[in-house]
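K.L.:
Have a look at this fold, sequence not included:
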């Protein structure tokens, strides 16, 4: 559908000339003055309004004033034969996108309209993106209702609107970046940049430049000035993940920033001041590192103004069913596949598993299950043996076909599952293989390895 343009000019020849030039590409409307333009704005939605400045009756500035108050705000371009700096500044101050002098160059006008429409599309995409981010990182969008997780969210709700530096502690995969994003998205900085830096992913000699930037010639290979992550996050939030991995030199510069809110690029002695909210995360014990002189104690005091500990998944097992359902639904929709149900037996088995990779591992499990599973249900027989009993014999005692021996091994679990599948399939190897989610050839190979399991013998 072509973009809609409203031309507002009290000169008939100008209106019709512009219409003739634009009508092949756009849907063009015309108004001979401000009042007629107001009526059209009430009846139609426009992408661009091209208005003369000086007209009989109300001026083009009044047209702009009215246009910028519309629910679907159009891009406004001012035209005038009285081109001067004061007029241009006033038009832009009122909300005009740009300014053209008469006689209008059609080539310049078409380029300007294309640029205006591109700007409008980007603005609309940004609105949609922010709405998605608001939904994704809202407190309602963070899954979990166990007491430990509710305590985390209560702290996040309190700290998010503040300017305080936050330290997130927790094992790998517990959702530290999700919480950092939520802190940013629920703060006054939500419309500014959220800049994540994974400190462990960068070599020590690169991290300092990555964070603080460098001047041209600061070191061999520095052929031009580079803006660092601190400057990129100005007005927004900088998230430093795995903060315990930064080297001593970078720790000093980070401490200086927290004390002065300024820093110096590599190769420069000129301080750069920025407004950045700092959120840091670690899976290491920084207090113990400070005692061993591996992390500056004074920096630790500056970082842990507010400390939030994210519990591992094994300590919030109440959340496991809702998390599994959430991610199975998510990956089913993302891959346009049917939803899969976990049976009571499968869920019971998954509850005994310790989930060493935490939420990250659970997400991977759900995606793998959705993408690779055939059928509408996942039973305990479909699960990889590593999920069965979770390495915790006491927790596995009530699972069907499980040996409660304290020396329970993966092989023992797999053998027990295989025998159960064969019994359930009345010795039919094809059906037993389907129950286990493996090929008949794999099952045959396992029976050659463990012939005592074959119930047909």
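P.N.:
Now that the structure is in, tell me what you want to look at. All values reported here derive from a predicted model rather than from experimental measurement. Residues are numbered from 1 along each chain as shown.
K.L.:
Show me the beta-bridge partners of residue 27.
P.N.:
On the basis of DSSP bridges, residue 27 is bridged to residue 4.
K.L.:
what's the pLDDT at it?
P.N.:
Here, the pLDDT recorded for residue 27 equals 90.
K.L.:
for the one 10 residues further on, same thing?
P.N.:
pLDDT, residue 37: 91.
K.L.:
That one against residue 31, yeah?
P.N.:
Yes. Using Cβ atoms under 8 Å, residue 37 makes contact with residue 31 at a distance of 4.0 Å. Just so you know, the C-beta spots here come from the backbone N, C-alpha and C atoms, and that holds for glycine as well.
K.L.:
what is in contact with those two at once?
P.N.:
Both residue 37 and residue 31 are contacted by 6, 8, under the criterion Cβ atoms under 8 Å, 6 or more residues apart in numbering.
K.L.:
State the mean pLDDT of stretch 144-154.
P.N.:
90.
K.L.:
helices and strands of this structure: which one bottoms out on pLDDT?
P.N.:
Every helix and strand in the chain was compared by mean pLDDT, DSSP states H and E; the lowest is helix 393-396, with a mean of 40.
K.L.:
show me where the stretch 51-200 of the chain has helices.
P.N.:
Ranges of helices in the stretch 51-200 of the chain, per DSSP state H, counting those that start in this stretch, are 60-67, 85-94, 106-136, 147-159, 176-185.
K.L.:
out of those, which comes closest to residue 387?
P.N.:
helix 147-159 (22.0 Å; Cβ to Cβ).
K.L.:
List the buried residues for that closest one?
P.N.:
Residues of helix 147-159 classed as buried: 149, 152-153, 155-156, 159 (neighbour count, 16 or more other Cβ atoms under 10 Å).
K.L.:
How about stretch 243-261?
P.N.:
243-246, 250-251, 253-255, 257-258.
K.L.:
which among these gets closest to residue 25?
P.N.:
Residue 25 lies nearest to residue 257 out of the buried residues of stretch 243-261, by Cβ to Cβ, at 50.8 Å.
K.L.:
and that closest one, what helix or strand is that in?
P.N.:
Taking DSSP states H and E as the definition, residue 257 sits inside helix 248-260.
K.L.:
Next SSE downstream of that helix?
P.N.:
Next in sequence after helix 248-260, counting helices and strands by DSSP H and E, comes strand 262-264.
K.L.:
hey, where'd the strands end up in the stretch 301-450 of the chain?
P.N.:
Under the criterion DSSP state E, counting those that start in this stretch, the stretch 301-450 of the chain contains strands at 306-309, 341-342, 377-378.
K.L.:
In CSV: these, plus mean pLDDT and distance to residue 44.
P.N.:
Putting the strands of the stretch 301-450 of the chain into CSV (pLDDT from 0 to 100; distance: least, Cβ to Cβ, whole Å) gives the following:
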stretch, mean pLDDT, distance to residue 44
strand 306-309, 96, 51
strand 341-342, 92, 50
strand 377-378, 89, 54
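K.L.:
do you know which of those strands lies nearest residue 47?
P.N.:
Counting by Cβ to Cβ, residue 47 lies closest to strand 306-309 out of these; the figure is 45.3 Å.
K.L.:
Packing partners of that closest one?
P.N.:
helix 147-159, strand 166-169 (3 or more Cβ pairs under 8 Å, 6 or more residues apart in numbering; DSSP states H and E).
K.L.:
Quick one: closest of the ones you listed to residue 445.
P.N.:
Residue 445 sits nearest to helix 147-159 of all the helices and strands packed on strand 306-309, at 43.4 Å, using Cβ to Cβ.
K.L.:
chain center to that closest one: distance?
P.N.:
What separates the centre of helix 147-159 from the centre of its chain is 20 Å, taken as Cα atoms, centre = their mean, to the nearest Å.
K.L.:
same check, this time on stretch 75-94
P.N.:
The answer for stretch 75-94 is 39 Å, by Cα atoms, centre = their mean.
K.L.:
what's the answer for stretch 447-456, then?
P.N.:
The answer for stretch 447-456 is 50 Å, by Cα atoms, centre = their mean.
K.L.:
thinking again about what came up before, I'd like to know which of the buried residues of helix 147-159 is nearest to residue 187.
P.N.:
Nearest to residue 187 among the buried residues of helix 147-159, with distances taken as Cβ to Cβ, is residue 159, at 9.0 Å.
K.L.:
pLDDT below threshold where in the stretch 101-250 of the chain?
P.N.:
Within the stretch 101-250 of the chain, the ranges that satisfy pLDDT under 70 run 123-141.
K.L.:
80 instead?
P.N.:
Residue ranges of the stretch 101-250 of the chain with pLDDT under 80: 119-141, 204-205, 217-223, 225.
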